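1. Quick one, what's the 3D model for this:
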Amino acid sequence: MRSQKASLGGRRRVVGEVFVHGLSHDGRGLARLQGKTLFVEGGLPGEQVSVLLTDDRRRYSNGRVTDIESASDERISPPCRHFKVCGGCSLQYWSHEGQLQGKQSIVLDQLQRFSSLTPAEIAEPLVSQPYGYRYRARLSILWKKGRLSLGFREKQSKQIVDITECPVLAEPLQPLPEQLRALLPELKQREAISHAELFLADSGRALLLRHIRALPPADLNRLERFAQEQQLHLYLMGDEKHVSCLFSPVGDPWLYYRIPALDLKFQFRPTDFTQVNWPVNCQMVAQTLDWLDLKPEDRVLDLFCGLGNFSLAMARKAGSVIGVEGSAASVERAAFNAELNGLQNSQFYQADLSALVAGNKSGEGWLHQSYDAMLLDPPRTGALEIIEQMKGHIPDRLLYISCNPATLARDAGALAQQGFELVRLGVMDMFPQTGHVESMALFRKL
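-> Next up is the predicted model:
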């Protein structure tokens with residue numbers, strides 16, 4: 001490694017001639033500095049850079065690129081004017097193709113590092129358009145000394161970046177931030193509104209305003225006129241339990257998405273979890289059906305099923321589907337959506353899948369039944385608890401949808417100990433321009 005020169009004294013100093021040799025699990029560059037791992041924000045593999053050290057610990061250091069002495073061929077100019085300060089899209093300096101290959105490398109590295117596993121087959125990535133892909137986003141709102149700030153959080157800060165554009169928003173949503181900037185100063189209780197959530201669904205555009213105090217009738221009237229003018233669904237949320245629809249262009253408070261290829265319709269409210277990138281979600285569901293290769297007689301278990309995104313698709317192909325989810329509201333919505341789509345071969349249960357569910361009423365009907373296939377779509381914390389509890393009862397085909405390469409690697413190791421082989425893996429471009437890595441892994445019992 002070349003010599004390293006400190007050009008600033010103190011804890012925060014600049015180190016030159018640092019070679020980035022790889023990637024961390026969250027997309028930062030990896031280098032070595034004085035015998036320790038150095039995590040380099042803004043660094044790409046193969047680059048020679050200068051780094052501002054921001055955190056120096058006993059076993060590792062953190063830093064960010066200040067100068068690029070030798071740039072990667074995959075480095076590009078970020079198109080968003082807010083890139084340097086906004087914490088939303090941290091990888092805009094990396095080509096889209098480079099991001100996809102880099103995220104695939106991250107998953108493969110984590111699997112090898114933590115479970116000594118290599119997939120027998122690597123599938124082509126599911127690809128998104130690089131910008132204009134976000135079907136939902138949450139904006140923070142703050143008034144300070146009479147001045148409005150509306151946007152996303154700064155990098156590693158609680159401060160708000162006052163945005164004038166957001167290229168990753170789906171095109172129909174892009175005018176809304178500036179329209180809100182013009183609308184909010186007209187309200188009497190303008191400082192009561194803390195957040196705005198934007199949605200694009202097949203039922204149209206929607207806006208959810210969170211407020212910390214009741215809004216007076218004059219403000220409600222003005223907001224309703226705005227919704228009518230823009231022809232969007234407008235919701236108000238005063239606390240975590242109460243959401244009201246102030247206006248709907250079609251007189252229906254529900255929103256909905258469709259998966260056209262399967263003739264499925266999902267109704268939801270703005271507080272329900274739905275995928276940010278719906279086009280990639282449709283690809284993901286189609287790939288799930290392809291990889292699991294379900295038969296009409298198959299019984300399928302879908303854990304962390306949410307609103308039934310995968311459950312209902314699998315119910316189109318399988319004999320029966322059991323969906324399990326921790327949120328009672330989601331379980332109710334999944335059952336509603338099954339009925340909406342005329343699917344009588346699915347059932348849904350509530351259970352905390354991160355805890356011991358055996359012996360609970362919610363677990364008695366499904367935990368130790370016999371299944372032909374199983375799907376796991378856990379949160380970032382993974383699914384280790386349920387994998388260990390179901391030891392000996394996991395069917396021979398298991399599909400794992402991951403949003404965290406580290407917990408996927410850990411859980412894959414646990415499955416390998418139970419006799420499963422990782423037969424196929426592919427990354428999914430759910431969040432272009434960010435460090436989020438989504439992947440799909442198919443396991444089969446040896």
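2. all contacts plus neighbour counts: C-alpha atoms, from now on.
-> OK.
3. tally of neighbours for A120?
-> For A120, the neighbour count with other Cα atoms under 10 Å is 11.
4. Oh, that last question was meant for V321, not what I typed.
-> 27.
5. And the one 4 residues further on, by the same measure?
-> In terms of burial, E325 registers 24 neighbours under the definition other Cα under 10 Å.
6. Distance check, it against T434.
-> Between E325 and T434 the computed distance is 27 Å (Cα to Cα, to the nearest Å).
7. cool, and G35?
-> 29 Å.
8. what's the answer for V285, then?
-> V285 is 22 Å from T434, by Cα to Cα.
9. Then D302?
-> 28 Å.
10. Looking at these two now, which is surrounded by more residues?
-> D302 (25 against 18).
11. State the distance from the more buried one to Q369.
-> For D302 relative to Q369 (Cα to Cα), the value is 13 Å.
12. For the helix or strand harbouring E178, name the packing helices and strands.
-> For E178, the host element (DSSP states H and E) is helix 176-183. For helix 176-183, the packing partners by 3 or more Cα pairs under 8 Å, 6 or more residues apart in numbering; DSSP states H and E come out as strand 147-153.
13. buried sites along the strand it packs on?
-> 148-153 (16 or more other Cα atoms under 10 Å).
14. which residues of the stretch 201-350 of the chain fall in helices?
-> Using DSSP state H, counting those that start in this stretch, the helices of the stretch 201-350 of the chain run over residues 217-230, 278-292, 311-315, 328-340.
15. Compare these and give me the one nearest Q174.
-> helix 217-230 (12.9 Å; Cα to Cα).
16. Now find how far off-centre the closest one is within its chain.
-> 32 Å (Cα atoms, centre = their mean, to the nearest Å).
17. which residues in the stretch 101-250 of the chain form strands?
-> 136-144, 147-153, 160-162, 193-201, 204-211, 233-239, 242-247 (DSSP state E, counting those that start in this stretch).
18. closest to H82 out of those strands?
-> Going by Cα to Cα, the one of the strands of the stretch 101-250 of the chain nearest H82 is strand 160-162, 7.8 Å.
19. just to revisit the earlier point, turn the strands of the stretch 101-250 of the chain into JSON lines, including mean pLDDT and distance to L126.
-> What follows is the strands of the stretch 101-250 of the chain, written out as JSON lines (pLDDT from 0 to 100; distance: least, Cα to Cα, whole Å):
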{"stretch": "strand 136-144", "mean pLDDT": "95", "distance to L126": "20"}
{"stretch": "strand 147-153", "mean pLDDT": "93", "distance to L126": "27"}
{"stretch": "strand 160-162", "mean pLDDT": "91", "distance to L126": "31"}
{"stretch": "strand 193-201", "mean pLDDT": "97", "distance to L126": "21"}
{"stretch": "strand 204-211", "mean pLDDT": "97", "distance to L126": "25"}
{"stretch": "strand 233-239", "mean pLDDT": "94", "distance to L126": "31"}
{"stretch": "strand 242-247", "mean pLDDT": "94", "distance to L126": "35"}
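20. returning to what we had before: quickly compare the helices of the stretch 201-350 of the chain and say which is most buried.
-> Compared across those, helix 311-315 shows the largest average neighbour count, a mean of 26 (mean count of other Cα atoms under 10 Å).
21. ok, V15 - how many residues close by?
-> V15: 21 neighbours (other Cα under 10 Å).
22. ok, now the one 10 residues further on?
-> If you count neighbours by other Cα under 10 Å, H25 ends up with 20.
23. show me what contacts it?
-> H25 makes contact with 106-107, 110, 405-406, according to Cα atoms under 8 Å, 6 or more residues apart in numbering.
24. Buried among these? Need that as a selection in ChimeraX.
-> For the buried members of the contacts of H25, the matching ChimeraX selection, counting by 16+ other Cα under 10 Å, is:
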select :106,107,110,405,406
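25. Between the contacts of H25, which sits nearest L198?
-> Closest approach between the contacts of H25 and L198, by Cα to Cα: P405, at 28.3 Å.
26. pLDDT score for that closest one?
-> Per-residue pLDDT puts P405 at 95.
27. quick one: it from H436, how far?
-> 9 Å.
28. Setting aside sequence neighbours, what's the nearest residue to T54?
-> G63 (5.0 Å; Cα to Cα, 6 or more residues apart in numbering).
29. Please consider this matter closed, and thank you.
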